[in-house]
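Peer 1: From the sequence below, what's the structure:
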Amino acid sequence: MLLLDIGNTRLKVAIAKKNNVEVFASVDHRGDLVAAIEGLELSKGFDGIHIASVVSSENEGVLEETLENKTGLKPVFHKVLPFFAGVHNGYREPSRLGVDRWMAIIAAFRRVRGAVCVVDCGTTITIDLVTKEGKHSGGFILPGLMMAKHSLLQGTKEIDLSAEGHRQELSWGRSSEEAVCHGALFSAIASIERAWRVFRDEASGAVLLLTGGDAPVIAKHLSFCELIPELVLEGILCSATLEA
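Peer 2: Modelled structure (predicted):
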């Protein structure tokens with residue numbers, strides 16, 4: 001099967017063989033998903049195409065047509081459900097939960113088979129908590145590292161991050177540029193640590209899993225987490241397999 005994780009800024013494409021997910025493309029789509037998909041080298045030997053996409057439903061028809069023309073297969077767009085794969089969606093309006101978060105939650109719970117804290121470090125940082133009974137308790141949405149830096153700099157002309165190389169540091173900033181970059185990382189780590197401590201007190205034996213583009217940067221500073229880069233794609237595979 002061909003799996004597509006379409007986020008706010010990146011498109012990740014993987015091949016699923018049995019229970020293994022192998023990523024072969026990860027591109028910045030810059031808002032033009034059709035061009036990004038047309039630029040992929042896709043064969044026509046797949047059994048199916050399965051997608052989790054955060055783009056508006058109005059654009060799904062265009063994506064469907066593009067992929068069908070390219071591969072000869074009609075893609076399946078996976079959606080958020082009130083209950084799936086042993087997990088009860090904790091949102092008051094289940095459909096309002098982001099599908100990428102839902103896929104990561106499903107995959108994390110199936111991996112751990114118990115209480116788990118799922119942190120997806122992408123354009124935004126999302127923190128989701130699932131009890132050992134599979135109850136999604138809810139979570140938090142924070143600015144991602146890049147979003148945090150750019151939002152702070154709006155209206156500020158004196159700080160130039162064009163040549164910054166400091167985002168992986170937690171030392172005290174000794175310039176405004178360092179203070180902004182280090183502060184964004186510090187804030188993200190502090191938020192994750194706080195959420196983890198509170199959840200761990202509520203759910204003993206809980207596991208912390210990190211995924212997303214900035215997860216490797218953040219994971220370096222969290223000795224108690226496990227890094228699972230393709231958690232969303234694993235969730236898509238799970239959803240496709242259980243629905244088949």
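Peer 1: does Ala240 belong to a helix or a strand, and which?
Peer 2: Under the criterion DSSP states H and E, the helix or strand holding Ala240 is helix 231-243.
Peer 1: For that helix, which residues meet the burial criterion?
Peer 2: By neighbour count, and taking 16 or more other C-beta atoms under 10 Å as the criterion, the buried residues in helix 231-243 are Leu231, Val232, Leu233, Glu234, Gly235, Ile236, Leu237, Cys238, Ser239, Ala240. Yep, even glycine has a C-beta here, placed from its N, CA and C like the rest.
Peer 1: Can you add distance to Val119 and pLDDT and give the residues you listed back as TSV?
Peer 2: Output for the buried residues of helix 231-243, formatted as TSV (distance: C-beta to C-beta, whole Å; pLDDT from 0 to 100):
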residue	distance to Val119	pLDDT
Leu231	10	96
Val232	12	96
Leu233	16	96
Glu234	15	96
Gly235	14	96
Ile236	18	96
Leu237	20	95
Cys238	19	94
Ser239	20	95
Ala240	24	93
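Peer 1: Relative to Val118, which of those residues is nearest.
Peer 2: If you rank the buried residues of helix 231-243 by distance to Val118 using C-beta to C-beta, Leu231 comes first, at 7.2 Å.
Peer 1: and the closest residue to the closest one other than its chain neighbours, how far is that from Leu145?
Peer 2: Distances taken as C-beta to C-beta, 6 or more residues apart in numbering put Thr211 closest to Leu231, at 3.7 Å, once the chain neighbours are dropped. When distances are taken as C-beta to C-beta, to the nearest Å, Thr211 and Leu145 turn out to be 15 Å apart.
Peer 1: Name the residue in those two with the higher neighbour count.
Peer 2: Under the criterion of other C-beta atoms under 10 Å, the comparison of Thr211 against Leu145 puts Thr211 first, with 27 against 23.
Peer 1: The more buried one and Asn19, how far apart?
Peer 2: Taking C-beta to C-beta, one finds Thr211 at 17 Å from Asn19.
Peer 1: what does Thr123 give?
Peer 2: Computed as C-beta to C-beta, the Thr123 to Asn19 distance reads 28 Å.
Peer 1: Also Glu169?
Peer 2: With C-beta to C-beta as the criterion, Glu169 and Asn19 are 38 Å apart.
Peer 1: which one of those two has more residues nearby?
Peer 2: When neighbours are counted by other C-beta under 10 Å, Glu169 comes out ahead of the other of Glu169 and Asn19, with 14 against 9.
Peer 1: What is the three-state secondary structure of that one?
Peer 2: Reducing the assignment at Glu169 to three states with DSSP: H, G, I helix; E, B strand; the rest coil gives coil.
Peer 1: Quick check: closest non-adjacent residue to it.
Peer 2: Taking C-beta to C-beta, 6+ apart as the measure, Glu169 lies nearest to His182, with 5.3 Å between them; neighbours along the chain are not counted.
Peer 1: how near is that neighbour to Ile189?
Peer 2: Summarising the geometry, the distance separating His182 from Ile189, computed by C-beta to C-beta, is 11 Å.
Peer 1: quick one: common contacting residues for those two?
Peer 2: Contact with both His182 and Ile189 is made by residues Leu170, according to C-beta atoms under 8 Å, 6 or more residues apart in numbering.
Peer 1: What residues does Leu4 make contact with?
Peer 2: Under the criterion of C-beta under 8 Å, 6+ apart, the neighbours of Leu4 are Leu11, Lys12, Val13, Ala14, Ile49, His50, Ile51, Ala52, Ser53, Pro75, Ile236.
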